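Asks: Just need the structure, nothing else, for what follows:
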Amino acid sequence: QHHSSALTVPVVSRPQCSRAQLHAAWHHGRQRQPVQQVHAIHIDRRQHMELAWKRQQERDDRLNQQLVLGKVVEVQDLEHLESLIDKAGSSLVVVAFYTRSCGVCKELLKEFQAMCDEAKAAQVRAVFAQHNLLDEFDSWSDISVWHKIRVPPTIFFYDGGAVVKKVTL
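Replies: Coordinates of the predicted model:
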């Protein structure tokens, strides 16, 4: 008895369609959807101008705020940092750069506040500030781009308006 080891494969035939039927089926799947048209867009310019004016007032208030020793200042943008450094004059300015998601940064900020309190008690002429490297959209802030900071936490020491030391932890 000899068994054949040949494999038999069933043959499946495709149904025959005419070229016109294939073309019609292809076009049926690609039917155009009706386009919705926008007739008018209403922009409330008065509200827009009021919001812009309010943001400008907040920026001016922030830039004009007085330095308080013993308090860590939250720096918002590059203009605010430059204003802070100018107001500090001959005082040392220490800025901690952090992100909200960094665990080491959270510990650093607690220690940073304690150092600020100690400096005030010892009457050291130093200004302490902090800045979140990521803005509300999780994009790099203008300060982080300007100073090329990509690794939090980083601490900058400014003296006389210039960076004298940069420490990355």
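
Asks: what are the ranges of the helices in this structure?
Replies: 19-29, 45-64, 78-88, 103-121, 142-146 (DSSP state H).

Asks: quick one: the second one to helix 78-88, angle?
Replies: Spelled out, that is helix 45-64. Comparing the axes of helix 45-64 and helix 78-88 via axes from the mean of the first three to the mean of the last three Cα atoms, to 10 degrees yields an angle of 30 degrees.

Asks: what mean pLDDT would you report for helix 45-64?
Replies: Throughout helix 45-64, pLDDT has a mean value of 79.

Asks: Kindly report the same for the third one.
Replies: The average pLDDT for helix 78-88 rounds to 88.

Asks: residues of that helix that come out buried?
Replies: Leu78, His80, Leu81, Ser83, Leu84, Ile85, Ala88 (16 or more other Cβ atoms under 10 Å). Every C-beta, even on glycine, is put in place using the N, C-alpha and C of the backbone.

Asks: Adding distance to Ile41 as columns, could you present these in CSV?
Replies: Listed next are these as CSV, based on distance: Cβ to Cβ, whole Å:
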residue, distance to Ile41
Leu78, 34
His80, 34
Leu81, 38
Ser83, 38
Leu84, 41
Ile85, 43
Ala88, 47
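
Asks: partner residues bridging the closest residue to Cys116 other than its chain neighbours?
Replies: What sits nearest to Cys116 in space, not counting adjacent residues and going by Cβ to Cβ, 6 or more residues apart in numbering, is Phe128, at 4.1 Å. Taking DSSP bridges as the rule, Phe128 bridges to Val94.

Asks: returning to what we had before: which one of the buried residues of helix 78-88 is nearest His48?
Replies: Distance to His48, by Cβ to Cβ, is smallest for His80 among the buried residues of helix 78-88, at 23.6 Å.

Asks: Just the endpoints, please. Distance across stretch 144-162?
Replies: End-to-end span of stretch 144-162 (Cα to Cα, to the nearest Å): 16 Å.

Asks: Quick one: residues in contact with it.
Replies: 78, 85-86, 88, 90, 92-99, 102, 104-105, 108, 133-134, 140, 143, 163-169 (Cβ atoms under 8 Å, 6 or more residues apart in numbering).
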